[in-house]
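# Would you be able to build a 3D model of this:
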Amino acid sequence: MTGFASAAGPSLAVTAEACQPTPDAGVWRMTWRVRNDDVEPVSVLAAWLPHGRFRSPRRDLDPPATIAPAGDETLDFFVACREDAGTVVENAFVILNLRWRSADWRVFARLRVSFREDGAPDAETVLVTTQPVGFSQS
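Residues are numbered from 1 along each chain as shown. Just a heads-up that it's a prediction; the model follows:
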C-alpha cells in the first residue's frame, strides 16, 4: 500500500481488505479500507472502480462517510471481473470524490490486480494521488 502526501491536498491510504464471491459468476464483493492520514477530517461523497476489466459503478454515499484524522472507514463494492488465473490487470483504479477543507477533491488509488486459480482478484494499491475537482478548468 502506498499513500501520497501533499501540502496541497489530503493524505489518504486505500487498501483492499477482503474479497468474497457472490452468487453471480464474475462478481466479487470487495471491501476496501480508506485511512485518513491527514490532521483534518475528510468526507467521502462517492466511490467507483471504472476499469473495463475490474469495474464497479459509481455509488454516491448518502450520508457521506466522514473519516476523522488518523481514522479509517471501510467501503464495499460489488466488482465485476472475470479473467483467467495468472492474468494481471494494470492501471485499475478506486476513485473517491471527497470533501476536505470545504473543497471537493478526487482521490485516485491506482491498482495492480492479479487473478488466482479460483478466479478471485487480488488487488494491490500501487499509488494514491489526489487532485482538486475542476483543477484543469481555465
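
# Is the nearest residue to residue 21 once chain neighbours are set aside bridged to anything, and to what?
Ranked by Cβ to Cβ, 6 or more residues apart in numbering and with sequence neighbours excluded, the top spatial neighbour of residue 21 is residue 28, at 6.2 Å. To be clear about C-beta, it is placed using only N, CA and C from the backbone, and glycine gets the same treatment. Note on residue 28: beta-bridge partners residue 21, residue 79, judged by DSSP bridges.

# ok, residue 28 - how many residues close by?
Using other Cβ atoms under 10 Å, residue 28 has 22 neighbouring residues.

# Contacts only, for it.
19, 20, 21, 22, 78, 79, 81, 120, 121 (Cβ atoms under 8 Å, 6 or more residues apart in numbering).

# Also residue 17?
31, 32, 33, 74.

# Any stretches of the chain with poor pLDDT?
By pLDDT under 70, the low-scoring segments of the chain are 1-7, 135-138.
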